[in-house]
Structure formats: structure tokens, C-alpha cells
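Engineer: Sequence first, then the predicted structure, then my questions.
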Amino acid sequence: MNNAEHQSASARSRRDQVIRTIVQEHQGLWRIIDLLDQLQQDMNINATQPDELLFGTIFDYIEHFSKRVHSQPKEIKLYQCLRDKAPDTADLLDKLEKGYLVGHERLQELRDLLHDCMSNWPQGREDFSHSLSRFTQALRKHIKKEEGVVIPRARESLSEEDWVAIIEARDQTQDPLFGERVREEFRELRHQIISMTPEHLGGLGIVHSPRVTAYHDQEEMLAIKGAVTSYGQIEVLHEVDISIKSGEIVSLVGANGAGKSTLLMTISGLQPLNRGQMTYQGRDLNRVAADRRVAEGIVQVPEGRQVFKDMSVHDNLLLGAYTRSRSPEVDEDLEKIYAKFPILRQKRHNLAGELSGGQQQMLAMGRALMARPKLLLLDEPSMGLAPLIVEEIFNTIKDLKKEGMTIFLVEQNASQALALADRGYVLETGKVVVEGTGKELLSNEKVQEAYLGM
Ligand SMILES: Nc1ncnc2c1ncn2[C@@H]1O[C@H](COP(=O)(O)OP(=O)(O)OP(=O)(O)O)[C@@H](O)[C@H]1O
Ligand SMILES: [Mg+2]
């Protein structure tokens with residue numbers, strides 16, 4: 001090959017690379033649209049109530065497309081180049097860009113309709129179903145236009161420099177259509193969708209809690225009534241009432257020494273209950289020993305992480321599964337933890353004591369997850385961590401909720417903990433003084449003054 005031939009071959013390969021990326025993303029989206037059709041059929045023909053979590057995740061996925069592009073459709077490099085080189089496509093590109101904006105709004109409507117449909121089932125099904133059909137139709141049209149017109153026109157009119165510029169936009173990770181990070185996020189969402197999709201529709205059929213938001217008819221997971229606990233003569237918790245429903249994140253905030261950790265240890269069975277009642281999934285907990293509670297799904301991540309510093313990361317994780325016998329399932333769970341926290345995989349042979357604070361917190365959470373918690377008790381997971389890591393920890397908590405886990409979160413970082421929570425409690429010197437939804441607490445004057453520094 002002479003030099004000129006070589007150059008044009010590499011230009012062709014850049015072009016093909018870009019087009020392949022787009023087509024691959026389209027294929028992913030196309031499969032998801034098909035899945036939506038099937039779920040819709042299931043809902044209409046078999047009159048089964050939609051799986052809110054699965055639908056929600058699919059909407060997240062599509063929203064990711066529209067949101068990434070929503071605020072910045074003008075920044076799609078491919079569109080920019082095409083406007084330049086093939087001005088007659090401007091009308092179509094305008095339309096497609098507008099489609100991203102409108103699609104974003106329609107998606108919010110769909111979420112609301114889904115919510116109504118869940119709360120008033122079977123009323124609201126038709127409205128939801130109609131809007132869904134209109135939505136998927138529009139989406140299909142959009143993809144067809146990109147595949148049928150945008151890509152062929154780009155193929156014939158863009159120059160070598162254009163393709164290089166598009167590739168560069170892609171490598172900058174932020175391009176709305178091609179950025180590396182954006183695509184990574186798509187992959188993660190697809191992974192979640194596939195896991196939750198029922199087997200008869202080609203998914204993995206992972207069992208997850210069916211409802212996340214309609215918690216008025218959710219079952220109670222933990223009920224604490226009139227709990228009194230003391231260290232020796234000193235009473236620390238005075239008649240505490242708390243209830244946690246399945247699938248909720250409930251946050252508990254309060255000053256130093258209020259008794260937050262004591263309450264968590266009482267739930268775990270590490271601290272005896274002097275008076276009062278605790279029921280878990282409808283059963284009295286009072287006589288259930290601490291390790292039995294772990295086996296039944298009440299798992300605590302203690303304050304200050306408390307990993308075993310002289311043991312490897314891997315062995316720390318295995319210890320989390322101590323109430324279970326070693327089985328292929330344990331290995332699968334290990335794999336899942338490593339997938340959730342890639343840094344732990346990378347450091348699996350390191351001693352836990354060699355990890356940074358943030359990494360140790362992830363290890364502590366990973367170890368708890370190895371016990372397959374149903375109710376996860378987190379004691380100040382953000383304590384002493386840098387802001388970026390705090391965000392990461394809160395994101396992980398959000399993901400766990402999405403997977404259906406119920407979470408009781410103790411935090412001094414009140415604003416973030418309440419923003420995340422479905423409901424929350426404020427504990428002052430061993431007494432619950434305020435309770436309400438996360439939103440209510442955030443706007444409560446007393447809470448703002450005492451805990452949000454306002
Ligand atoms: N092992 C113990 N023996 C005696 N008193 C204790 C013990 N642990 C805690 N206390 C006391 O019980 C009260 C509640 O402590 P606890 O650790 O539950 O509070 P907390 O809300 O978790 O505080 P922090 O924000 O500091 O973690 C405090 O007055 C504390 O001094
Ligand atoms: Mg504490």
C-alpha cells in the first residue's frame with residue numbers, strides 16, 4: 001500500500017468505527033423498545049400489574065439518551081459536521097434535535113402515568129398503555145431516521161477531518177452520543193434491565209421487590225415500639241418508635257451521643273432491649289440471637305467500618321458470608337460485589353488495612369452484602385470521607401435501593417441522608433423528636449436549624 005492508499009484506508013476505518021458505535025447503541029435501544037412492547041402486552045393481555053422497578057429502569061435508560069442530549073443536542077459532533085457539509089439535512093436535524101427535547105418531557109409524563117397506574121390499578125392502565133405506544137412509535141421513527149438518512153448522508157458527505165473530529169469528541173467522554181463514559185452508563189443500565197426482565201421475555205428473571213414508590217400498601221419490614229435500652233443504670237433510648245417498610249430508605253439523624261448507634265445495635269441484637277417490642281417481617285425479634293438475625297437478613301455495617309485490617313480484602317468479603325455455607329452461590333455473590341466495587345477486585349489480595357478510608361467503607365459494605373441482607377443497617381457510612389467519595393457511597397446506597405433492598409441509614413450528614421430518604425427520624429438524647437418524609441424533614445424549621453446549619 002502506498003502512503004495515500006494507507007491514509008484513505010485509515011480514514012475509512014475511522015468512519016466505520018464511528019458508524020459501528022452508533023449502530024450498536026441503536027441496536028441496544030431497539031431491543032429495549034421491543035422489550036417495552038412485550039411488557040405492555042403482558043400488562044394488557046394477562047392483566048398483570050406492571051413491574052414498576054423494571055419499567056422505571058427502562059425509563060432511566062431512555063432518559064439517559066434524552067437527558068444527555070436534552071440540554072445539548074447542538075453539541076452532537078456528528079450533527080454539527082453534517083449541518084456544515086450537507087445543509088439540506090438541516091430541517092431533519094432540527095427535527096431530530098427537537099425530538100430529544102420533546103422525548104424528555106414525554107418520558108416524565110410516562111413516569112407519572114405509571115405511578116398513577118400502580119396506585120389505582122387497574123385504573124390508569126389504558127392511559128399508561130396509550131402513552132407508552134405513542135412513545136415507542138416516536139422513538140422507533142427517530143432511530144429509523146438516524147439510520148436511514150443521517151448515517152448514509154454522513155457517510156457520503158463528511159471528510160476525513162470530520163470523522164477524526166467525531167472520534168475525538170467520542171474520546172473526550174462527554175459527547176452526548178458517543179462519549180466513553182456515557183456509553184459505560186448505558187451498559188450499566190442495560191445490565192440492570194436484563195437482570196430484572198422475566199425469563200419468559202429473555203431476561204435473567206432476577207427476583208426484586210416489585211414496588212418501590214407506592215409504599216402506602218407496602219408491608220412493614222421492621223417495627224420498633226417503645227424501645228428502651230440502657231448501659232448499666234443509664235437509660236440511653238427512651239421509648240423509641242420506628243417503622244421501616246419494605247423497599248424504603250429510612251434515615252436517622254441526630255447529634256453525637258443521641259443514641260443512634262445504640263439503636264442500630266439493638267436492632268442487630270448486639271445490645272439488649274430492656275423494654276418494648278421489635279418485630280421483623282411480622283415476627284417477634286426479642287428472643288432471636290444476633291447471628292440468627294444476620295442469617296434472616298438484618299445486617300449491619302458498623303460505625304468506623306471495622307474491617308479486619310490484617311486480613312486480605314478477599315477474606316474480609318468471605319467472612320461476610322459466615323452464616324452461609326461455602327457454595328457456588330457465595331462465589332457468584334463475590335463476583336457481584338467485585339462488579340459493584342471494581343476497586344475491591346483490584347485490591348483483593350491487599351490487606352484491608354492498606355486500603356484508604358473510602359475503600360474500607362466499600363469493603364465494609366461489600367462484606368455486609370455478602371450476607372445477603374434484606375434490611376441493611378448503615379452506621380454513618382460517610383463519616384470522615386472526602387466529598388467525592390461521599391457522593392460515591394450515597395450513589396451506592398441509591399443503587400441498593402433500586403435493587404430492592406431496604407435500608408436504615410444513620411447519618412450526621414443530614415442534608416444528603418434526608419435528600420436520599422423516603423422517610424426519616426430525628427433522634428435527640430434517646431427520643432424521636434421529629435419524623436416525616438425526607439422532604440418534610442428537609443423543610444422542617446427545627447431540622448434546618450439544628451442539623452442543616454441554616
Ligand atoms: N458501651 C457503652 N457503655 C456506656 N455508655 C455508652 C456505651 N456506648 C455508648 N454509650 C453512651 O450512650 C449514649 C449514646 O451513644 P451512641 O453511640 O448510641 O450515640 P450516637 O448517636 O451513635 O453518637 P455518635 O454520633 O457519636 O456516633 C452516649 O451518651 C454514649 O456516651
Ligand atoms: Mg454512633
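Structural biologist: Nice, I can see it. None of the values given here were measured: they were computed from a predicted structure. Numbers count the residues shown, from 1 in each chain. Ligands and ions are numbered 1, 2, ... in the order given.
Engineer: pretty sure Ile337 contacts Met370?
Structural biologist: Yes: proximity of Ile337 to Met370 meets the contact threshold set by Cβ atoms under 8 Å, at 6.5 Å. Backbone N, C-alpha and C define where each C-beta goes, glycine included.
Engineer: any shared contact partners between these two?
Structural biologist: Common neighbours of Ile337 and Met370, counting by Cβ atoms under 8 Å, 6 or more residues apart in numbering, are Leu317.
Engineer: was I right about Lys446 contacting Val434?
Structural biologist: Yes: between Lys446 and Val434 there is a contact under Cβ under 8 Å: 6.2 Å.
Engineer: Next, Lys309: secondary structure please.
Structural biologist: coil (DSSP: H, G, I helix; E, B strand; the rest coil).
Engineer: Next, the contact list for the residue lying closest to it once chain neighbours are set aside, please.
Structural biologist: Leaving out its chain neighbours, the residue that sits closest to Lys309 by Cβ to Cβ, 6 or more residues apart in numbering is Gly353, at 3.2 Å. The contact partners of Gly353, taken as Cβ under 8 Å, 6+ apart, are 307, 309-310.
Engineer: Now, of the residues you listed, which are buried?
Structural biologist: Buried by 16 or more other Cβ atoms under 10 Å: Val307, out of the contacts of Gly353.
Engineer: Closest one to Pro328 out of the contacts of Gly353, please.
Structural biologist: Val307 (25.3 Å; Cβ to Cβ).
Engineer: The closest residue to the closest one other than its chain neighbours and Met311: what is the separation?
Structural biologist: Sequence neighbours aside, Ala352 is the residue nearest to Val307 in space, at 4.3 Å (criterion: Cβ to Cβ, 6+ apart). To Met311, Ala352 is 6 Å away according to Cβ to Cβ, to the nearest Å.
Engineer: One more: Arg31?
Structural biologist: 43 Å.
Engineer: Below-threshold pLDDT in the stretch 301-450 of the chain: ranges please.
Structural biologist: Applying pLDDT under 70 to the stretch 301-450 of the chain flags the ranges 325-326.
Engineer: Now do the buried residues in stretch 83-96.
Structural biologist: The neighbour-count check on stretch 83-96 (16+ other Cβ under 10 Å) flags 86, 89, 92-93, 96 as buried.
Engineer: What is the neighbour count of Glu440?
Structural biologist: 14 (other Cβ atoms under 10 Å).
Engineer: I meant to write Val228 there.
Structural biologist: Neighbours of Val228 using other Cβ under 10 Å come to 16.
Engineer: Leu264 too?
Structural biologist: Around Leu264 there are 22 other residues, counting by other Cβ under 10 Å.
Engineer: Apart from its neighbours in sequence, what residue is nearest it?
Structural biologist: In space, Leu264 is closest to Leu377, 4.9 Å off (Cβ to Cβ, 6+ apart).
Engineer: Roughly how far does the closest residue to ligand 1 within the stretch 351-454 of the chain sit from Gln300?
Structural biologist: The minimum distance from the stretch 351-454 of the chain to ligand 1, using Cβ to the nearest ligand atom, falls at Gln412 (5.9 Å). From Gln412 over to Gln300 the distance is 17 Å, taken as Cβ to Cβ.
Engineer: Compare those two (neighbour count), which wins?
Structural biologist: Each of Gln412 and Gln300 has its neighbours counted (other Cβ under 10 Å); Gln300 has more, 26 against 15.
Engineer: Nearest residue to the more buried one in space, please, no chain neighbours.
Structural biologist: Among residues not flanking Gln300 along the chain, Leu377 sits closest, at 4.1 Å (Cβ to Cβ, 6+ apart).
Engineer: residues contacting that neighbour?
Structural biologist: 264, 267-268, 298-301, 408, 410.
Engineer: Make CSV from these and add secondary structure and distance to ligand 2 to it.
Structural biologist: CSV is the format used below for the contacts of Leu377 (DSSP: H, G, I helix; E, B strand; the rest coil; distance: Cβ to the ion, whole Å):
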residue, secondary structure, distance to ligand 2
Leu264, helix, 8
Ile267, helix, 13
Ser268, helix, 13
Ile298, strand, 18
Val299, strand, 17
Gln300, strand, 12
Val301, strand, 12
Phe408, strand, 13
Val410, strand, 7
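Engineer: could these go into a markdown table alongside distance to Gly202?
Structural biologist: As requested, those are exported to a markdown table (distance: Cβ to Cβ, whole Å):
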| residue | distance to Gly202 |
| --- | --- |
| Leu264 | 41 |
| Ile267 | 40 |
| Ser268 | 40 |
| Ile298 | 35 |
| Val299 | 33 |
| Gln300 | 38 |
| Val301 | 35 |
| Phe408 | 36 |
| Val410 | 41 |
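Engineer: tell me which of these is nearest to Ser382?
Structural biologist: So of the contacts of Leu377, ranked by how close each gets to Ser382 (Cβ to Cβ), first place is Val410, at 10.4 Å.
Engineer: Ser261 is in contact with the closest one, correct?
Structural biologist: Yes: taking contacts as Cβ under 8 Å, Val410 lies within contact range of Ser261: 7.0 Å.
Engineer: any common contacting residues for those two?
Structural biologist: Common neighbours of Val410 and Ser261 (Cβ under 8 Å, 6+ apart) are 303, 379.
Engineer: Mind checking which of these two has more residues around it?
Structural biologist: Val410 (26 against 18).
Engineer: Could you pull up the contacting residues of the more buried one?
Structural biologist: Residues near Val410 by Cβ under 8 Å, 6+ apart: 251-253, 260-261, 263-264, 303, 377-380.
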